[in-house]
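Visitor: Need coordinates for the below:
(one chain, ligands or ions: 1)
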Amino acid sequence: MENFFATCPRGLEAALASELTALAAQHVKAVDGGVQFAGPFELCYSVNLESRLASRVLWKIARAPYRNEQDIYEITRALPWCGWFGPERSIRVNVAAIKSPLKSLDFATLRIKDAVCDVFRAATGRRPDVDTHNPDVRIHAFLTATDFTLYLDTSGDALFKRGYRTVTGDAPLRENLAAGILRLSGWQPEQALLDPMCGSGTFLTEAAMIACNIAPGANRSFGFEKFKRFDAGAWNTLRERAHARINKSIKTNIYGSDRFGDVLELARTNLVALGLEDKVSLKQANVLEMPPPAASGILVTNPPYGVRMDEQQSLAEFYPKLGDALKQKYSGWTAYILSADMRLPKLIRLTASKRTPLFNGALDCRLFEYKVVAGSMRK
Ligand SMILES: C[S@@+](CC[C@H](N)C(=O)[O-])C[C@H]1O[C@@H](n2cnc3c(N)ncnc32)[C@H](O)[C@@H]1O
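Guide: Sure, this is the predicted structure:
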């Protein structure tokens, strides 16, 4: 049995915990920023392949009390690095800390790297190179006031990089946050789904992948492939099973629109990369004028948010009109609006039935739920 930690966008921890439980993870426990879980080593193959919400899957290799950088060096030096990967692999060390007494995390990072290299040099005469851009093996350390935990990263590139996005729009959402919001909305593939300000179409692409049962990691490689214990046979079996499950003949009701044709082209390009262009109807339209594509469904969107004064002003005029458009045309729909603009809930003049704090990268956002019922929700 191995211990793992899956990181995720803050606010999605409970949703990730239930996703991991469904993937047969054991001892699942949500904490700030991620979820602890346990299982056989091969569990990290399926979680990397199947989790739509996780950002990274880290394999815990040590935890010990520490007081200073020398303790960190010695704890790291005592670990069996040569059993985990070879000296020909390049490495990168990341250190994160909460309430650590250490003065310099950079120095702690250096001591961990030194310890790993010293182990390899003593055992093989050769040491791994450091590559901060594209390392084969990522080592993550986490320091609290008293404890030092080390992880090997089984994901490699962050999991929101699904491998389908060749182009991005202005302010694209991370794929795993979009998938998490779809999960929080309770959307089921039989229901209509609309993003009327879809930009590069992240919600739509994630929804089409869910509907067609495409594993998010089906088209990319992972960090665990660089480990000595990597079992290529077991991994290929999992991947082949995932490919066999794909069902592109399913009928979908997924709609996207945007005011600008050029961003819709980005959305189309991403869908084409997955062969899913016929699963989503895209249309150039202004959300304020557009009739709903179905009598009821789930609307999910992240409207533009402005930083400059003139943008702020035009958004202050836009939000009440958006509220009016929803109220007048979308009764029967439930709308989920993700925004970092804390003026939105007041200006949209609708009563939110739920508000969920979420982070889009470092941006503090809220997901507002509006159940649109004719005539009954004017603030
Ligand atoms: C923050 S971006 C959405 C990003 C998107 N979620 C993605 O993943 O790429 C907001 C989008 O709203 C669109 N937009 C702004 N005003 C609009 C309007 N009145 N009607 C339709 N789309 C609009 C913009 O063109 C922009 O693409």
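Visitor: Can you mark which positions in the helix or strand where Glu311 lies are buried?
Guide: Element membership of Glu311 [criterion: DSSP states H and E] is helix 309-329. Buried residues in helix 309-329, counted by 16 or more other Cβ atoms under 10 Å: 315, 318-319, 322-323, 325-327, 329. Every C-beta, even on glycine, is put in place using the N, C-alpha and C of the backbone.
Visitor: tell me, how many neighbours does the closest residue to Phe148 other than its chain neighbours end up with?
Guide: Nearest residue to Phe148, sequence neighbours excluded (Cβ to Cβ, 6 or more residues apart in numbering): Tyr66, at 4.1 Å. Other residues near Tyr66 number 22, with proximity taken as other Cβ atoms under 10 Å.
Visitor: Hmm, Leu143 and Tyr66 touching each other?
Guide: Yes: between Tyr66 and Leu143 there is a contact under Cβ atoms under 8 Å: 7.4 Å.
Visitor: what residue lies at the spatial centre of the chain?
Guide: By Cα atoms, centre = their mean, the chain has its centre lying nearest to Asn176, at 2.6 Å.
Visitor: Would you agree that one falls within a helix?
Guide: Yes: counting by DSSP: H, G, I helix; E, B strand; the rest coil, Asn176 is part of a helix.
Visitor: helix/strand/coil for Leu282?
Guide: Per three-state DSSP, Leu282 ends up strand.
Visitor: picking that back up, and the residue nearest to the centre of the chain, what is it in contact with?
Guide: 8-9, 12, 52-55, 159-160, 216 (Cβ atoms under 8 Å, 6 or more residues apart in numbering).
Visitor: Can you tell me which of those has the largest number of neighbours?
Guide: In terms of neighbour count, Ala54 stands highest of those at 32 neighbours, by other Cβ under 10 Å.
Visitor: quick one, phi psi at that one?
Guide: phi -70, psi 150 (degrees, to the nearest 10).
Visitor: Kindly report the same for Pro196.
Guide: Torsion angles, degrees, to the nearest 10, at Pro196: phi -80, psi 0.
Visitor: neighbours around the residue lying closest to it once chain neighbours are set aside, how many?
Guide: Spatially, and ignoring its direct neighbours in sequence, Pro196 is nearest to Val287 (4.0 Å; Cβ to Cβ, 6+ apart). By the criterion of other Cβ under 10 Å, Val287 has 22 neighbours.
Visitor: hang on, isn't Val287 packed against Asp195?
Guide: No: taking contacts as Cβ under 8 Å, Val287 lies outside contact range of Asp195: 9.7 Å.
Visitor: list the residues that contact both of those two?
Guide: If you check Val287 and Asp195 against Cβ under 8 Å, 6+ apart, the residues they both contact are 257, 301.
Visitor: can you tell me the helix or strand for Cys117?
Guide: Cys117 is part of helix 105-124, with elements assigned from DSSP H and E.
Visitor: a strand runs through Val287, doesn't it?
Guide: No: secondary structure of Val287 (three-state DSSP): coil, not part of a strand.
Visitor: element containing Phe5, please.
Guide: Phe5 belongs to strand 2-7 when elements are defined using DSSP H and E.
Visitor: got the buried residues for whichever helix or strand comes after that strand?
Guide: Downstream of strand 2-7, the first helix or strand assigned by DSSP H and E is helix 13-22. Under the neighbour-count criterion of 16+ other Cβ under 10 Å, helix 13-22 has 13, 15-17, 19-20 buried.
Visitor: The residue of the stretch 1-150 of the chain found nearest the ligand and Gln188, how far apart?
Guide: Across the stretch 1-150 of the chain, the shortest distance to the ligand (Cβ to the nearest ligand atom) belongs to Pro9, at 13.9 Å. Here Pro9 is placed at a distance of 22 Å from Gln188 (Cβ to Cβ, to the nearest Å).
Visitor: Likewise for Leu102?
Guide: In terms of Cβ to Cβ, Leu102 sits 48 Å off from Gln188.
Visitor: So which of those two has more stuff around it?
Guide: Between Leu102 and Gln188, counted using other Cβ under 10 Å, Leu102 has the larger neighbour count: 18 against 11.
Visitor: Which positions in the chain make contact with the ligand?
Guide: 169-173, 196-200, 202, 258-260, 263, 286-288, 302-304 (Cβ under 6 Å from any ligand atom).
Visitor: Quick one, which of these are buried?
Guide: Members of the residues of the chain next to the ligand classed as buried by 16+ other Cβ under 10 Å are 169, 172-173, 196-200, 202, 258-259, 263, 287, 302-303.
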